[in-house]
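Asker: turn this into a model:
(2 chains)
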Number of protein chains: 2
Amino acid sequence: MLQVTDVAADAAACCTPLTREAIDADRAEDLARKLKALADPTRLRLVSIVAASEGEEACVCDLIEPVGLSQPTVSHHLRILMEAGFLSRSKRGTWAYYKLVPGALGQLSQLLDVTASRPVVE
Amino acid sequence: MLQVTDVAADAAACCTPLTREAIDADRAEDLARKLKALADPTRLRLVSIVAASEGEEACVCDLIEPVGLSQPTVSHHLRILMEAGFLSRSKRGTWAYYKLVPGALGQLSQLLDVTASRPVVE
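Answerer: Alright, predicted model coming up:
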């Protein structure tokens, strides 16, 4: 079974923005790994479709047609997104459902935030 | 001379977050290109050092030692960051200076923002 990266485990490295102080090599490695998982047009579209779906969850059967790729290719991209902690997966009946991991994109967004001009609402 | 991507030219594609509605293929390509430019530990550290410097600007002479790479390698990474619109470059005397392009990281951060829980301060 695929392992989902535990977002909570990354919390220690969170959340000083990239631009507030120079980041060290370890944090840069971790952040680069997450960005790399997202830095693909198909994966961005998959995340976007899941996030825009009701309950931020979508059946794999509804993800294949919009991106116009084969099921194995779509599954490959979904696996990368899961391993980077952006999506989680559950099986119900015949189909697998992919759900946005709460906070994962928001945390990445905060790390990139340069201006800190937006007050964080807790 | 290197061309800096005009951030303003991207404004049309800005700023509905990735997660508000499913993004189309063109926006996904553009966003993936920007994320790919950042998705490297050395480039993240370079952006971070520049951003944390006074005036969000740093001499190339101050960027080489912290990342522990040769000047040609550092220049290669800086060029990728310029082409993606994150840094701009100016020459003063012997040295080149790299400056954070205002708004570039903030715009990317907003595009990734899933929760939209943070009100945008204009």
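Asker: first-to-last residue distance for stretch A:49-69?
Answerer: 14 Å (C-alpha to C-alpha, to the nearest Å).
Asker: does that stretch come close to chain B?
Answerer: Yes: with C-beta under 8 Å from any C-beta of the partner chain as the measure, stretch A:49-69 is seen reaching chain B through A:49, A:51-52, A:56, A:66. Bear in mind the C-beta positions are built from the backbone N, C-alpha and C, glycine included.
Asker: what sits up against that stretch?
Answerer: Defining contact as C-beta atoms under 8 Å, 6 or more residues apart in numbering or on different chains, one finds that stretch A:49-69 is touched by A:42, A:45-46, A:70-71, A:74-75, A:78, A:87, A:95-100, A:105, B:18-22, B:114.
Asker: and those, which of them are in strands?
Answerer: Assignment to strands by DSSP state E places the following of the contacts of stretch A:49-69 there: A:87, A:95-100.
Asker: ok, back up a step: greatest separation within the residues of stretch A:49-69 next to chain B: which pair is it?
Answerer: With distances taken as C-beta to C-beta, the most widely separated pair in the residues of stretch A:49-69 next to chain B is A:56 and A:66, at 16.0 Å.
Asker: what about the helices in chain A?
Answerer: Assigned by DSSP state H, chain A shows helices spanning A:25-38, A:41-52, A:64-67, A:71-83, A:104-112.
Asker: gap between the spatially most central residue of chain A and residue A:46?
Answerer: Residue closest to the average C-alpha location in chain A (C-alpha atoms, centre = their mean): residue A:86, at 2.3 Å. Using C-beta to C-beta, to the nearest Å, residue A:86 is found at 9 Å from residue A:46.
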